[in-house]
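Undergrad: Provided below are the primary sequence and the corresponding predicted coordinates.
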Amino acid sequence: MENKESLGQLIRSLRERAKEIKCLYQVQELLNNQSLSSEELCNKIVKIIPQGFQYPDVCKVKIIFNNKQFFYKKFSETKWELNSKIIVRNEIVGQIKVFYTEERPNEDEGAFLKDERKLLDSISDQLGMQILHKQLKSVFEEGQLKVKEMKSEWWIILDLLKRTDPRLLVNIAQKMLNYLCLSGIAEAEKFLDEFNPSFKKKTELFKDNNFPMSVVETYDILNKSTFVFDIASRHISEGDILDSIQKWIKEDRSGFMVNMLENTSSSLSDISNAIERYHHLSTQGLELSKPRAKSFRVALTRRILTDQPGFIEIAKEHIRVDDFNNLMKTIIHPSGSHGKVGGKSSGLFLAQHILKNSVEDKEIAKRVKFPKSWYIASDGLLEFMNYNSLEDIVEQKYKDISQVRQEYPYVIHVFKNSSFPPDIVKGLSLALEDLGDDPLIVRSSSLLEDRLGTSFAGKYKSLFIANQGTKEERLEQLTDAVTEVYASTFGPDPIEYRDEHSLLDYLEEMGIIIQQVVGNKVGHYFLPSFAGVAFSNNEYRWSPRLERDDGLIRVVPGLGTRAVDRISDDYPSMISPGKPDLRVNSTIEEKIKDSPKKLDVINLKTRKFETIELRELLEKHGNEYPFIHNIVSELEDRYLRIPRLIGHDYKKNLHIVTFEGLTTKTAVISDIRELLNIFKEKYNSPIDIEFAHDGKDLYILQCRPQSFNEDNHPVEIPDNTLDKDILFSADKHISNGLVSDITHIVYVDPAAYSEIESHEDLMTVGKVVGKLNKILPKRQFILLGPGRWGSRGDIKLGVNITYSDINNTSMLIEIAKKMDEYVPDLSFGTHFFQDLVEANIKYLPLYPDDGKSIFNEKYFMRSKNHLSEILPDYAYLENVIKVIDISETTNGNNLHIFMNSEIPKAVAVFLEPTGNISLKRKKAGSEYKRIKSDLHWKWRLSYAQEIALAIDTERFGVKAFYIFGSVKNATAVPSSDIDIIIHFSGSEEQKNDLSNWLDGWDQCLSRVNYFNTGHKMGKILDVHFITDKDIAKKTSYALKIGALTDAARPLQLRTVIKEA
Amino acid sequence: MANSAYNPYTIAQEQFDKAADILNLDKASRDLLRTPMKEFHFSIPVRMDDGIRRIFKGFRIMHNDARGPAKGGIRFHPHETVDTMRALSMLMSWKTAVADLPLGGGKGGVICDPHDLSLNEQEQICRGWVRQNFKNIGANIDVPAPELMTNAQHMLWMLDEYETITGERQPGFITGKPVGMGGSLGRKEATGYGVMLCVREALKELNIKPSNTTASFQGFGNVAQNAIELYTKMGGKILCVSSWNQQDMEEISFCKEDGIDLLELKKIADPFGGIDKIKAKDLGYQVIAGNEWIKKNVDILVPAAVENQINEDNIELISEKVKIIAEGANSPTNPKVEPRIHTKDIKLIPDLLANSGGAICSYFEQVQSNMNYYWDKNEVFGKLDQKITAAYISISEFAKKNKMNMREAAYIIAVDRVAVACRERGWV
């Protein structure tokens, strides 16, 4: 009930606000009409003002000015009065009085609203301004007549100022004096001491500097100011004096802004008022000098957007003072707020104004749009917490991470059951009114986010809301989403991330951006036609013809969520904006396989964010989906065809997402390319943008310096390594990243491979690689081979494998070794490029014959080959396939591959395992570190031991218990499983019992892992049973026992004492 | 050393030599058939998107056209060797002869990697290929078709260039065109149907009614789906079908004792025939990881996925009940285990014959294009039935007569047909 009432009130207040604005515009229009005299103006204004008030029918207005009264139809004054003084040059010249002729209920100020007070003040302000303008104008006109016989024009102004605004005159005189001194005029320098009160009375300076200058002094100085101009007239031309005086008068009018911005205690609403005032003045010809304009821009950017120097540096060139006016109207903030809008919002605002103000190609600025957005200032979060007495939650970040994780659901619960301060609710309600009832996205815009080198990408929540239903329901959806985003500040992931980047002690203020979701209704879903993310630099090049700065677009139909994050069950489309015709996939099969098959949408019925099948959507609503003909191609009989615009049947055949129409028939890709170039130039750094398209226009949703995931950051190349420790190096087509702790190498010798005689043996090489892929420790081995991995059609060009044969490698390396007369072209992993990208398997091409790079072929030749031990059946391929245990050949070292596309360079170096490196490096002061890298294997190992000890060997028929893989090798990561081999000799029933018993452990350990790392795993125990027979035959995992390379390690079992 | 390395051409020649020995061919015949009759090597200059000129190497190899205009694909491949194309062109001669089509064998291609080329550049390559070679190809000379990394789009560009040069509409110049642009209906179904038409003939020989049989399939792609459709129409029951699961990276078998339902499985399959595990379970299928399909107690096994699927690891898993293996895929049977299949008394319908439906339909496309009159689907299927049944019978009889297995018979009969044509023309 209460909510309903407040809602009614809200609507009423909105209606009032609209009336007031309309009234203000009408007054403005009158004022702009230069032909009206002051009297005529007053007569007209008294008629307009009542329309802006809550009860126009009983509202009467009187203006007193020049000893005259102006009103519309005579009336007698009442006690229900609101009045505002008309001030010209600090002098009261009249007033405007508003009366209600009958009593009305009490509001903020008697029967009047707060906003009505503002309205009236603003009208009298402007009226005053106009009166002054007219006065000056008449003086000028008068002056111009007499100009020839009289003194110069500027004397007239000074005369006038003397009479109307002595303070300003003194101010100007001082400025003139300073100007003369700076110009090196000796006469003026002498005068400096006399003129300036602070110089004259040095001793008194500290006594009265808190007070304004006294009238007597002013009078004194007033006279002296005439001398200043006397001096000026002797040294400077008439024109220059006049120009300077005019400039200073104008500047003086913006003095209030200086005060407001310099004063650190002024709140957002003070600033907002000042900007609004500035805005009105600027329409009346207020101009700022360049330095002053710049200082305003800087100050406003710092106060409202963000205080990062790098950002301000750019922003001051592109955002104008007046641009802040509209922004302020959409910032929701607590009263007395000192907050900012935060990183994401600032980035978007900057992008918008770069396009608006600083781009020569005005066409692109017209074509590209920005979604309507509202913001909550960053201290809204603290205000929210204060209001609900949740201050304690701030301490979360200093708790143990597992505790943070455990308590996080509770934090969300508490936040969701808290209420917002009325200021914020009112603001959100206004925002809803303005944003309408299309779905919204609520995103975090933290002050820490998007700082150089710290991208919180994906750490905080972004929530979509359907924004459907009654206003009340919509407001509830919105506040609910905001609280959830707020709560995410105290989630384990951001806290852990901040800890790692030494940002924990920063006060976490979180701005919020509320954005209209770009899109259309398709059936009962809401979605953009397509959306995605574009990068200036392409770190995933699928063809040697692509340059790094050709850029990269990851794009999907529907919401861009599926393009931004790496997805395991689908593929986003990748396009190079520099060379859009060079697509990742060329055959129809590849196009089908690597096309997005699902899309993210907002279901307007269930009001939920959902992932649906594209096929189903197109069958039902293909013809309603705007722009779909540019997104998909119809597959008919091995022929891909761009759908016709009209009359196309989306039910008949399968449609594949190819974006063929988009790249060949629209300018969207070239627009994105241009945007990337523009922003890159203005930011002076590569950038990334998020975008969406609603079938008509391209929208920018976010813009920031190009970010890197944890795993595709350019890595510092160690410079102090000895050549003997380097296995290979490369400098062509390098991507970014560090692949560390490689324990094994699978090397297919290019020369030996080319000499294989039979087709079957060639095929077998692929098969053996597939088997090794299953046996070797996951993501701890690399594959090196000749030419084109996964080659189709001609097996001699590269080992015949499919993605499933290599999906556990941490890196895929192709060697372009000179054969006979030519260097083979490499595949760039093209046959499974998208799989590699989504699984974060790195790709690297090597050119050993290229003089500059290192390729230690001897290492591969001389190191012991374990193939015959691991897969005895394939020993005959020993000269072709080498399996090398790295630590065995390097006294316990691992291989680490450092890749940096910026230099570009990649180096594979034998070094100690990372646990040791981090210590050494930290001491050397390098930033390279691996945090808590030993944490993951230690607890896993201790639990494995505990399980081994807990097994009732008799009951379950267990003979031995082994551990292998990443836990044994101390290289486990949060997602690692625990690889166990159980030597089993019991019955099928015992095996079932044991499996169930282990399942219990499994669930418990998954939970432990989750609390420690936040990584949810379905299964953490990977148990393999082997029997006596396996051991005898050395089949299956029995190979691991007593193996020469990466052997499984036995754990102690419980000793059962049998009764005699 | 390099000379002893694997070379598909040498292998194709060795295979031919064996057939020639069996057929006791004279030296002239051997010399003629051992190597292609004509080879064209040419350079294709292309202006790339960035303005730079690049020269691509193009080929057309015509192995033999004694039986009719040569027929064979055009492949785009980064390291194509002439020897590979020679081998493939020879294989095309045998392929058309097996199905008794009045065609010869050819192959062609361009050394290029479409992954590194824009569509515009690919179009220039296609047009350039035709410009350099148009005198040596044509509806009555040598007819190209799509192959590795080329598709209908490439064929249309080539056709357009050819027609522009000759100033005539000649849709029969090339095959693999989309329906409505000179393509034939029924192409999608042809290979799968062909497999089952062979099975039908095999059952006739064994005197078993199709409706009394059960089958198990590997693969759920285009070939398998159409074969399943026809087999179901014939009254057979399918107990199991396997498909590759991209997510789990393994083969998964879907079994149902009272027979699988093609339509319901199609609904939950992706374009590659990957069947959704969870949805299948909901539909009452037994979902078993691995090659359960091969163990099934059925009459017919149809491997219709990829090569080398029946091998030493699983040959012993094949049920005693199995009477027919129909090779829907290319080379699904490892040559090493093939003798064991024959000793088990299983009738193996070799790929050369079993999946010749595609080649036959391609020939039909040529015929229809040449007369510029296009048949409806049923007419296509009717003619397909006639053609492939005749091919089956002749091979089967040849095998029985000469006491060889069907794979040998198919190969020998093909070589024989080509050799006879050459002789009758007075070439040898």
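TA: Great, that's in hand. In this text the structure is predicted, and so the values were computed from the model without any measurement. Numbers count the residues shown, from 1 in each chain, chains lettered A, B, ... in the order given.
Undergrad: which parts of the stretch 51-200 of chain B sit against chain A?
TA: B:75, B:77-81, B:84, B:113-122, B:146, B:148-149, B:151-153, B:176, B:178-179, B:183, B:187-188 (C-beta under 8 Å from any C-beta of the partner chain). For glycine as for every other residue, the C-beta is placed from the backbone atoms N, C-alpha and C.
Undergrad: Quick check on the residues you listed: which are buried?
TA: Listed as buried from those are B:75, B:77-81, B:84, B:113-119, B:121-122, B:146, B:148-149, B:151-153, B:176, B:178-179, B:183, B:187-188; burial here means 16 or more other C-beta atoms under 10 Å in any protein chain shown.
Undergrad: Can you give the domain ranges for chain A?
TA: Domain assignment for chain A by automatic domain parsing gives A:16-135, A:165-253, A:330-517, A:525-705, A:711-923, A:935-1050.
Undergrad: for these, which one sits closest to residue A:263?
TA: Closest of those to residue A:263 is domain A:330-517, at 11.5 Å (criterion: C-beta to C-beta).
Undergrad: Just the mean pLDDT for that closest one, thanks.
TA: Domain A:330-517 carries an average pLDDT of 86.
Undergrad: Once you drop chain neighbours, what's closest to residue 330?
TA: Going with chain A. residue A:374 (4.7 Å; C-beta to C-beta, 6 or more residues apart in numbering or on different chains).
Undergrad: hmm, I had chain B in mind actually
TA: In space, and not counting its chain neighbours, residue B:330 is closest to residue B:351: 5.4 Å by C-beta to C-beta, 6+ apart.
Undergrad: can you tell me which strand in chain B is longest?
TA: The residue-count maximum for a strand in chain B (DSSP state E) belongs to strand B:53-64.
Undergrad: Quickly run through the sheet partners of the helix or strand that it is followed by, with directions.
TA: For strand B:53-64, the succeeding helix or strand toward the C-terminus, using DSSP states H and E, is strand B:70-77. Strand pairing for strand B:70-77, using DSSP bridges, gives strand B:104-111 (parallel), strand B:142-146 (parallel).
Undergrad: most packed of the ones you listed?
TA: Mean neighbour counts were taken over those using mean count of other C-beta atoms under 10 Å in any protein chain shown, and the top value, a mean of 27, falls to strand B:104-111.
Undergrad: now the angle between strand B:53-64 and that one, please.
TA: Here strand B:104-111 runs at an angle of 170 degrees relative to strand B:53-64 (axes from the mean of the first three to the mean of the last three C-alpha atoms, to 10 degrees).
Undergrad: What would strand B:104-111 look like as PDB? C-alpha coordinates only.
TA: Only the C-alpha atoms of strand B:104-111 are listed here, as PDB (Å, rounded to 0.1, in the frame of the first residue of the first chain):
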ATOM      1  CA  GLY B 104      35.900 -41.100 -67.800                       C
ATOM      2  CA  GLY B 105      38.100 -39.900 -65.000                       C
ATOM      3  CA  GLY B 106      39.800 -36.600 -64.200                       C
ATOM      4  CA  LYS B 107      40.900 -34.400 -61.400                       C
ATOM      5  CA  GLY B 108      42.100 -30.800 -61.000                       C
ATOM      6  CA  GLY B 109      42.900 -28.200 -58.500                       C
ATOM      7  CA  VAL B 110      44.700 -25.100 -57.400                       C
ATOM      8  CA  ILE B 111      47.500 -24.800 -54.900                       C
END
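Undergrad: starting at the chain centroid, how far to that strand?
TA: 15 Å (C-alpha atoms, centre = their mean, to the nearest Å).
Undergrad: What is the next helix or strand along the chain from it packed up against?
TA: Using DSSP H and E, the helix or strand that follows strand B:104-111 in sequence is helix B:119-133. When contacts are defined as 3 or more C-beta pairs under 8 Å, 6 or more residues apart in numbering or on different chains; DSSP states H and E, helix B:119-133 packs onto strand B:38-47, strand B:53-64, strand B:70-77, strand B:104-111, helix B:152-166.
Undergrad: let's see 10 Å
TA: Helix B:119-133 sits against helix A:660-665, strand B:38-47, strand B:53-64, strand B:70-77, strand B:104-111, strand B:142-146, helix B:152-166, with contacts defined as 3 or more C-beta pairs under 10 Å, 6 or more residues apart in numbering or on different chains; DSSP states H and E.
Undergrad: buried ones in it?
TA: For helix B:119-133, the neighbour count (16+ other C-beta under 10 Å) marks B:119, B:121-133 as buried.
Undergrad: same question, stretch A:54-69
TA: In terms of neighbour count (16+ other C-beta under 10 Å), stretch A:54-69 has its buried residues at A:54, A:58-65.
Undergrad: Which residues are in contact with the residue of the stretch 751-900 of chain A at minimum distance from chain B?
TA: Of all residues in the stretch 751-900 of chain A, residue A:804 sits closest to chain B, at 3.7 Å by C-beta to the nearest C-beta. Applying C-beta atoms under 10 Å, 6 or more residues apart in numbering or on different chains, we find residue A:804 in contact with A:770, A:773-774, A:832, A:835, B:244-246, B:248-251.
Undergrad: which of those residues has the most neighbours?
TA: The residue in those with the most neighbours, by other C-beta atoms under 10 Å in any protein chain shown, is residue A:832 (26 neighbours).
Undergrad: so that residue makes contact with residue A:802?
TA: Yes - with contacts counted by C-beta atoms under 10 Å, residue A:832 reaches residue A:802, the gap being 7.6 Å.
Undergrad: Overlap in contacts, these two.
TA: Common neighbours of residue A:832 and residue A:802 (C-beta under 10 Å, 6+ apart) are residue A:790.
Undergrad: List the residues that contact residue A:162.
TA: A:168-170, A:222-223, A:225-226.
Undergrad: Of these, which belong to helices?
TA: A:168-170, A:222-223, A:225-226 (DSSP state H).
Undergrad: Where is pLDDT lowest across those?
TA: Sorting the ones in helices among the contacts of residue A:162 by confidence puts residue A:222 at the bottom, with a pLDDT of 69.
Undergrad: Endpoint to endpoint, stretch A:523-536 covers what distance?
TA: End-to-end distance of stretch A:523-536 (C-alpha to C-alpha, to the nearest Å): 35 Å.
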